[in-house]
Each structure stands twice: as C-alpha cells, then as structure tokens.
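1. below are the sequence and a predicted model for it; my questions follow.
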Amino acid sequence: MDKLIKRHKISNYECDRNGQLKISGIFHLMQDMADDHAEKLNVGYTFYKQHKLAWVGRAYHIKIYSLPKIFDGIVLETWPCGRTALIATREFLIKDEKGSVLIAGSSQWAMIDTTKAVPIKLDDFGLTYDILPERAVETSFKKIHAIQQPANEKQIQLREDDIDSNGHVNNCVYPMWAMECFTKEFKEKFILEEMEINFKKSVFIEDKFITAKIQNNGETEFLISIGTREKESALIRTRFRRAE
C-alpha cells in the first residue's frame, strides 16, 4: 500500500485573520485527500454514486503542533490504516517542506446505502483494498459525553452552501459551527492543540437551524454539542483542547 502524497500552497482564503490555516481549512484539506485517494482505490465518488452509496464520517481525532501560514508550502499524506466489517479508518499527516509534522489526524468512516440510509458491510460491494497499519494519531475514538452544564449557546441558520453532494451538511462545516460558541476575545487568544469529533447523525437543509452548546471542563478542555431545535439529543459532539 502506497500513501497518497501531495504538495499544496496555503492560499489566502484558507487563512484566518492572523494569516494561519483555519480549522475548517484543516478538514477541507483532509477531506480532499480522502476523496482523491478513495477514487484512486476505486472506492470513491465514481464507485459509490454508481451503487447509490456514500462515505460518511463517524469520528475524527486531530492533533495540531503548528498551523501553517499564508503562502506556506506543505506536504499532505493520507492512507487507509484499518477496516472492520462496517468501519474504515484513514490517517492524515500535514507536514512542512522540511518534513516536520504540523498536523496529524485519524478518522473513521462508514459506507451507507443512500436509498435506505443504513450502513452496509464493506465487503458486500467488494470494498476491498490494501491497508497500511501505521497510525498518525494513536486513538481509539473514545465516546464524547453529553453536555451537562452549558456555559454558552449559539443558534445558526443552515445555508444551501453547507450541503454537499450527498445531500447533508458537509463534515467541514461542523468545526466552524463549534468555533461560533467562543467569544471574539477568547478566539484571539485561543490556541487549539487537539480536537475530537463524534458524528452521531447527519444534518439536512430541512433542519433549518442548529444549536451549538459549549461546556467548559476546566481551563483547557471544552465540550461542544451540536443539535437542532427540533431534536433534543446531540447530532455531533466535539472536544477541543487548547494549549496551556
């Protein structure tokens, strides 16, 4: 199994007001790499549209050591590292041009039947491909617990631009929603070093509005729950850790 390796130059639109790669930019880069590699492995867009299937994210665990800046050259690496009957695991590395790791990520994915909205067994459609059992992040994708005492709440209206080709909100949108829970003053001092996301259910344009709630667990850990006004239970749970 060969890794997919690509070079990329950080663009202005990928950066925040400080000229650093946005959190959403990290997810865009990783998702683009996953899509490209899946296509090369014959389990990507062409395959799943033909069979009325779709890859959906189940979890991410990302560690940030340093954020690249505008016009920086970076090297992107991705590879599938594991597979069970229902779950595929994919790793990511973002390095600088000297080979130092800037960002590392691990992710879990399921393949669903889009006509029935149920997961399928990966072997049922011949979804076989080689794996490289090397981890970018050593993680077991632990469950993120429900929020008990929210410190802040934010309501956000869904946009058509949030919806991807699978008909639901794209994975890259959720981190942006989560960041909306923090105040402007806090974000200016906030240095994110680790993020975990559990995707529980998809969000659709018909949901119209989402509610993001945040709970502070001490000075460095924050739990964020994303749901809709009509559904009490969380659809997405995230855990952010900032540098001390």
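-> Everything's here; your move. Residues are numbered from 1 along each chain as shown.
2. so what's Phe182 up against?
-> 190, 214 (CB atoms under 8 Å, 6 or more residues apart in numbering). C-betas here are computed from N, CA, C, even on glycine.
3. list phi and psi for it.
-> Main-chain dihedrals, Phe182, degrees, to the nearest 10: phi -90, psi 150.
4. what number of residues lie near the nearest residue to Ser24 once chain neighbours are set aside?
-> Leaving aside its sequence neighbours, Ser24 sits nearest to Met176 (CB to CB, 6 or more residues apart in numbering; 4.8 Å). Using other CB atoms under 10 Å, Met176 has 14 other residues around it.
5. and Met176, that one's in a helix?
-> Yes. Assigned with DSSP: H, G, I helix; E, B strand; the rest coil, Met176 falls within a helix.
6. pairing partners for Cys15 in the sheet, please.
-> As for beta bridges, Cys15 partners with Leu21 under DSSP bridges.
7. what's the pLDDT at Thr128?
-> As summarised for this prediction, Thr128 has a pLDDT of 77.
8. burial of it, as a residue count?
-> Thr128: 12 surrounding residues under other CB under 10 Å.
9. you'd agree it is in a helix?
-> No. Under three-state DSSP, Thr128 falls outside any helix and is assigned coil.
10. mind telling me what element Arg90 is part of?
-> Assigned by DSSP states H and E, Arg90 belongs to strand 87-96.
11. ok, back up a step: any idea how far Ile224 is from the residue nearest to Ser24?
-> Remark: distance between Met176 and Ile224 (CB to CB, to the nearest Å) = 12 Å.
12. likewise Lys143?
-> Separation of Lys143 from Ile224 (CB to CB): 15 Å.
13. thinking again about what came up before, can you name the next helix or strand after the strand holding Arg90?
-> Tracing the chain past strand 87-96, the next element assigned as helix or strand by DSSP H and E is strand 101-113.
14. could you list the paired strands of that next one along with their orientation?
-> Strand 101-113 sits in its sheet next to strand 53-64 (antiparallel), strand 87-96 (antiparallel), strand 118-119 (antiparallel), going by DSSP bridges.
15. show me which residues of that strand are buried.
-> For strand 101-113, burial by neighbour count (16 or more other CB atoms under 10 Å) applies to 102-112.
16. identify the spatial nearest neighbour of Asp123, chain neighbours not counted.
-> Nearest to Asp123 is Ala85, by CB to CB, 6+ apart, at 7.1 Å.
17. in three-state terms, label that neighbour for me.
-> Of the three states, Ala85 takes coil under three-state DSSP.
18. what's near enough to touch it?
-> 121-123.
19. the top helix by length along the chain vs strand 87-96, what angle?
-> Across the chain, the longest stretch assigned as helix under DSSP state H is helix 23-40. Per axes from the mean of the first three to the mean of the last three CA atoms, to 10 degrees, the angle that helix 23-40 makes with strand 87-96 is 120 degrees.
20. Glu244: neighbouring residues, count only.
-> 7.
21. Provide a list of residues in contact with Met33.
-> Listed by CB under 8 Å, 6+ apart, the contact set of Met33 reads 4, 6, 76-78, 92.
22. what element comes up after the lowest-mean-pLDDT helix or strand in the chain heading to the C-terminus?
-> Least confident element among the helices and strands of the chain, by mean pLDDT, DSSP states H and E: helix 184-189 (a mean of 76). Sequence-wise, the next helix or strand downstream of helix 184-189 (DSSP H and E) is strand 192-199.
23. quick revisit: buried ones in the following helix or strand past the longest helix of the chain?
-> Taking DSSP H and E as the definition, the helix or strand that follows helix 23-40 towards the C-terminus is helix 45-50. For helix 45-50, the neighbour count (16+ other CB under 10 Å) marks 47-48 as buried.
24. now do stretch 235-244
-> Buried residues in stretch 235-244, defined by neighbour count with 16+ other CB under 10 Å: 235-242.
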